[in-house]
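Trainee: sequence isn't available, so here's the structure alone:
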């Protein structure tokens, strides 16, 4: 599972059968399930990088509010 911005999630789901949104509110919030058997290392690496950058940006905004 990777947590992505909703736009990035939509792009990955549309382009690659290895990705699908988690069910319910989790999926709408960007939680994206990954079928490791169906994803290339390059695509997975990019998805993990996107998820990390998204999480880092959210953390930075939260710290700035304190």
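Mentor: All right, it came through fine. Remember, predicted model here, so these are calculated numbers, not experimental data.
Trainee: ok, how many other residues are close to residue 8?
Mentor: By other Cβ atoms under 10 Å, the residues close to residue 8 number 18. Quick note: C-beta positions are derived from backbone N, CA and C, even for glycine.
Trainee: where's it, which helix or strand?
Mentor: helix 6-15 (DSSP states H and E).
Trainee: name the helices or strands packed onto the helix or strand following that helix?
Mentor: The helix or strand immediately downstream of helix 6-15 is strand 19-21, counting by DSSP H and E. When contacts are defined as 3 or more Cβ pairs under 8 Å, 6 or more residues apart in numbering; DSSP states H and E, strand 19-21 sits against helix 6-15, strand 31-34.
Trainee: quick one: stretch 39-46 to chain centroid distance?
Mentor: Distance, stretch centre to chain centre, for stretch 39-46: 12 Å (Cα atoms, centre = their mean, to the nearest Å).
Trainee: gap between residue 35 and residue 57?
Mentor: 26 Å (Cβ to Cβ, to the nearest Å).
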